[in-house]
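Undergrad: Provide a 3D model corresponding to the input given below.
(2 chains)
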Amino acid sequence: MVKKIFFQLIFFNLFFLKEVFAAESGGMPQLNPEFWISQIFWLTLTFGILYIVLSKLILPKISANLELRKSQIQENIEAAEKQRESSEAKLKEYDDIVSKSKLEANNIFKEARENALKEINAKKETLDKQIDEEIKKVEQEINLLRKGASEKINKIAIETTSELLVKLIGTEVNSSSISAIVDDLSKRNGDKYYGN
Amino acid sequence: MAANPMTQFEVYRIGPEIKVGAFDISFTNASLFMVISSLAILIIFNLGSKKNSLLPNKIQLLAELSYTFVSKMISDTAGSKAKPYFSFIFSLFMFVLFCNMFGMIPYTFTVTSHIIVTFVLAAFIFVSVTIIGFIKHGIGYLKLFVPSGVPIVLLPLIVVIEIISYLSRPISLSVRLFANMMAGHTMMKVFGGFVISLGVVGGWLPLSFSVALTGLEILVAFLQAYVFAILTCIYLNDALNLHH
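TA: Now for the predicted structure:
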């Protein structure tokens, strides 16, 4: 408000100033209308040209430059953002792969252990079976041998008896009668010798 | 230079007298400085917009900072609707600023220290803003003179005051710039005269004043150009966004 009054005072004082300076050199040059038309004309011309050139040629270029820079910076920021995202995704992928491979390794290890155990068990079973079979075979053989043993003994006994008889009495004795006697003896005492 | 501090504002013809009908449109020292200012603006901003590098050089930075400065000033005071008038306000601000600044160089002529120049600019702004207001709001633009929330009893008085304040806009706008420039330059001239008249013995005090005033006047030259442009924005804002 004070400012306004001040400026208005100055404005109205111009008229008094004119009187003051009139004595010296024709007052304020600003109030001399001699070149007013010239000033208006040249102001319009220069300002008009300035406005037209600025608005049509120069300002659009500056504005385009600014926009371009803005968009370039924006693009760069976006690209950086994208790269950051992709690197994050890759990191995640990497983590996934690591955890997956860890899991896989665990699985493989477990499987291998199970397989090995299974194989061991299977081998053990077959071995057991084989051993059992062998034992059975051997037992059978033993049984067979046992069964055959008495007959062989009888035969040997018959032969030896016949030879003994030949040597003792010098005559051959019918082998069938000897065998009958051996059989009889062995039947009687068989249990004693073979422990069956 | 004469001792009279007002002689620096005298307009004189450069070259022949040019007359169109009854009007004298001779090329004067005022015209010369208008041309120089305009050319300086055009050269600086042309250089500043020529090359577009991602990292601007000094002159490009200057042009772009001025652009964003004015653009921000307009959007802050008049909103986004004032965008079509950006070029005009930019030219106006630059023209007034350069005229003021060229006036700060010794022995030059200050275009804006003439009431007729500032008044023509202000009157053009006033008329344009009024036309824009009526185009945008029709007869409703007259609501500008009737502020809302005023008691009916006071309304006639307020309306009269509003109309007077509206009509005094071109005068206050032009006189503000003109008076500031004239007063500053006159004062500097007076102090300069003191330096001469007081001589080697006593001239140091007015000389230091003169130096200080030069700094102040450069500030005023910028500030008045800014005020001129921002008031134009405010008037434009009234015309574009009717708030009352």
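
Undergrad: Contact partners for B:L142?
TA: Residues near B:L142 by CB atoms under 8 Å, 6 or more residues apart in numbering or on different chains: none. Where C-beta positions appear, they are placed from N, C-alpha and C, glycine not excepted.

Undergrad: tell me which element residue 164 falls in.
TA: Since no chain was named, I'll use chain A. Using DSSP states H and E, A:L164 sits in helix A:59-169.

Undergrad: actually it's chain B I care about, not the one you picked
TA: Per DSSP H and E: helix B:155-167 holds B:I164.

Undergrad: hang on, the earlier thing: just confirm yes or no for the helix holding A:L164 near chain B.
TA: Yes - using CB under 8 Å from any CB of the partner chain, helix A:59-169 comes into contact with chain B via A:L59, A:K61, A:I62, A:S63, A:A64, A:N65, A:L66, A:L68, A:R69, A:Q72.

Undergrad: what angle separates the helix or strand following the helix holding B:I164 from helix B:155-167?
TA: Towards the C-terminus, the helix or strand next in line after helix B:155-167, according to DSSP H and E, is helix B:169-202. Inter-element angle recorded for helix B:169-202 and helix B:155-167: 60 degrees (by axes from the mean of the first three to the mean of the last three CA atoms, to 10 degrees).

Undergrad: mind checking how far helix B:169-202 is from the chain centre?
TA: Counting by CA atoms, centre = their mean, to the nearest Å, helix B:169-202 is centred 17 Å from the centre of its parent chain.

Undergrad: what does stretch B:105-113 give?
TA: Its chain's C-alpha centre and that of stretch B:105-113 lie 14 Å apart, by CA atoms, centre = their mean.

Undergrad: is any part of that stretch close to chain A?
TA: Yes - Stretch B:105-113 reaches chain A (CB under 8 Å from any CB) through B:V111, B:S113.

Undergrad: Are we agreed that B:F109 is in a strand?
TA: No - applying DSSP: H, G, I helix; E, B strand; the rest coil, one finds B:F109 to be coil, outside a strand.

Undergrad: Is the top helix by length along chain B positioned near chain A?
TA: Ranked by residue count under DSSP state H, the longest helix found in chain B is helix B:204-240. No - counting by CB under 8 Å from any CB, chain A has no neighbours in helix B:204-240; the shortest distance is 10.7 Å.

Undergrad: Could you measure from the residue most central in space within chain A over to A:N106?
TA: What sits nearest the mean C-alpha location of chain A, by CA atoms, centre = their mean, is A:I97, with 2.0 Å. A:I97 is 15 Å from A:N106, where distance means CB to CB, to the nearest Å.

Undergrad: can you check A:I142 too?
TA: Between A:I142 and A:N106 the distance is 53 Å, computed by CB to CB.

Undergrad: Against B:N29, how distant is B:G15?
TA: In terms of CB to CB, B:G15 sits 11 Å off from B:N29.

Undergrad: can you tell me the helix or strand for the residue in chain B that chain A sits nearest to?
TA: Nearest residue of chain B to chain A: B:S87, at 3.3 Å (CB to the nearest CB). In the assignment (DSSP H and E), B:S87 maps to helix B:86-103.

Undergrad: got the angle between that helix and helix A:59-169?
TA: Put simply, helix B:86-103 runs at 120 degrees to helix A:59-169, going by the same axes, to 10 degrees.

Undergrad: mind saving the C-alpha coords of helix B:86-103 as CSV?
TA: Extracted C-alpha coordinates of helix B:86-103, given in CSV (Å, rounded to 0.1, in the frame of the first residue of the first chain):
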residue,chain,number,x,y,z
PHE,B,86,4.5,-18.5,-22.4
SER,B,87,6.3,-17.2,-25.4
PHE,B,88,4.9,-13.7,-24.9
ILE,B,89,5.8,-13.5,-21.2
PHE,B,90,9.2,-15.0,-21.9
SER,B,91,9.9,-12.4,-24.6
LEU,B,92,8.5,-9.6,-22.4
PHE,B,93,10.7,-10.6,-19.4
MET,B,94,13.8,-11.0,-21.5
PHE,B,95,13.2,-7.7,-23.4
VAL,B,96,12.7,-5.7,-20.2
LEU,B,97,15.6,-7.5,-18.5
PHE,B,98,18.0,-6.8,-21.3
CYS,B,99,16.9,-3.2,-21.8
ASN,B,100,17.4,-2.7,-18.0
MET,B,101,20.8,-4.4,-18.0
PHE,B,102,22.1,-2.6,-21.1
GLY,B,103,21.1,0.6,-19.4
